[in-house]
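> turn this into a model:
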Amino acid sequence: MRIKVRTTKGTQIDVQATPTDTPGLVAHRRLCQESAHEQWIVTHVQSGKHLGWDFWSELEALNFARDVGPLADWQQRLTELPEHEAISRIARRHVGRDTPGSAYRRLAAERKAGE
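Residues are numbered from 1 along each chain as shown. Below you'll find the predicted structure:
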């Protein structure tokens, strides 16, 4: 499916996205990345805002979207995303889980979250 997402400069662009098990959330490749690794993000369709975490695989992003489902009615236009800490707790469980080298990246994500 194609959706419109917001860039960091506030403009909207079309991207190819994968629907998730949580209606209103989609997963897609990161738009502008300075890394050689392909990363995935989860975006709220109504607002075009991503949920603030990068994932190493589409599967990680899809599993994260499934687990944040209960935090909000994602099919509605939200003026604010749910509490950042709640999203972060869930994201830390998924970063680096489903890709080679995942244990190393998971530890790095936990260290970063503890800073």
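> which regions of the chain sit below the pLDDT cut-off?
Scanning the chain for pLDDT under 70 picks out 7-8, 32-37, 96-109, 114-115.
> ok, now with 50
For the chain, applying pLDDT under 50 flags the ranges 100.
> all the strands of it, in order from the start?
2-6, 12-16, 18-19, 25-29, 40-44, 49-50 (DSSP state E).
> out of these, the one nearest residue 66 is which?
Closest to residue 66 of these is strand 25-29 (C-beta to C-beta; 8.8 Å). All C-beta spots, glycine's among them, are computed from the backbone N, C-alpha and C.
> from the strands of the chain, which stretch is densest packed?
Mean neighbours per residue, mean count of other C-beta atoms under 10 Å, is largest over those for strand 40-44, with a mean of 24.
> run the angle between that strand and strand 25-29 for me.
Between strand 40-44 and strand 25-29, the angle comes out at 150 degrees (axes from the mean of the first three to the mean of the last three C-alpha atoms, to 10 degrees).
> coming back round to it: figure out which of the strands of the chain is closest to residue 84.
The closest of the strands of the chain to residue 84 is strand 49-50. By C-beta to C-beta, the value is 12.2 Å.
> and the contacts of the closest one?
Residues outside strand 49-50 that contact it (C-beta atoms under 8 Å, 6 or more residues apart in numbering): 5, 6, 41, 42, 43, 44, 81.
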